[in-house]
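>>> just coords:
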């Protein structure tokens, strides 16, 4: 394991687990659903060779217990199944 990063925002201490992890079509971003924090974690992938992840943010999923999600081919729309 070369690098690890939390799916949860700093300071969040309640129970949460991940369900789905996906890459954007251009492989620049990684998304993961947080069941408990009720969000989609967003990371930017360092494509210069290091492969590290930078936290972009956490988007509320507008529901409870996000399981799966899908991105449109253009990457501008995400549908979340809660």
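Looks like it arrived, so ask away. Quantities reported herein were computed from a predicted structural model and do not represent experimental measurements. Numbering: from 1, shown residues only.

>>> CA only for contacts and neighbour counts going forward, please
Noted.

>>> so where's this protein shaky on pLDDT?
For the chain, the stretches with pLDDT under 70 are 1-2.

>>> if you set the cut-off to 80 instead, what comes out?
Within the chain, the ranges that satisfy pLDDT under 80 run 1-3, 47, 49-51.

>>> just the helices in it please.
Per DSSP state H, the chain carries no helices over any range.

>>> The chain: strands as residue ranges?
Secondary structure of the chain (DSSP state E): strands located at 17-23, 29-35, 39-45, 53-60, 68-71, 78-81.

>>> would you list those strands in a markdown table and tack on distance to residue 10?
Formatted as a markdown table, these follow (distance: least, CA to CA, whole Å):
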| stretch | distance to residue 10 |
| --- | --- |
| strand 17-23 | 15 |
| strand 29-35 | 14 |
| strand 39-45 | 12 |
| strand 53-60 | 11 |
| strand 68-71 | 23 |
| strand 78-81 | 23 |
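
>>> most tightly surrounded among those?
Each of the strands of the chain was assessed for mean neighbour count using mean count of other CA atoms under 10 Å. The highest is strand 29-35, with a mean of 24.

>>> How far off centre is that one?
2 Å (CA atoms, centre = their mean, to the nearest Å).

>>> Show me what it pairs with in its sheet, parallel or antiparallel.
strand 17-23 (antiparallel), strand 39-45 (antiparallel) (DSSP bridges).

>>> will you turn those strands into a markdown table that also has distance to residue 29?
Shown next, in a markdown table, are the strands paired with strand 29-35 (distance: least, CA to CA, whole Å):
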| stretch | distance to residue 29 |
| --- | --- |
| strand 17-23 | 6 |
| strand 39-45 | 4 |
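
>>> Which stretch among these approaches residue 71 most closely?
strand 17-23 (8.8 Å; CA to CA).

>>> pretty sure residue 45 contacts residue 31?
No: using CA atoms under 8 Å, residue 45 is not in contact with residue 31, being 10.4 Å away.

>>> re earlier: quick one, which of the strands paired with strand 29-35 gets closest to residue 68.
It is, among the strands paired with strand 29-35 and with distance given as CA to CA, strand 17-23, at 5.5 Å.
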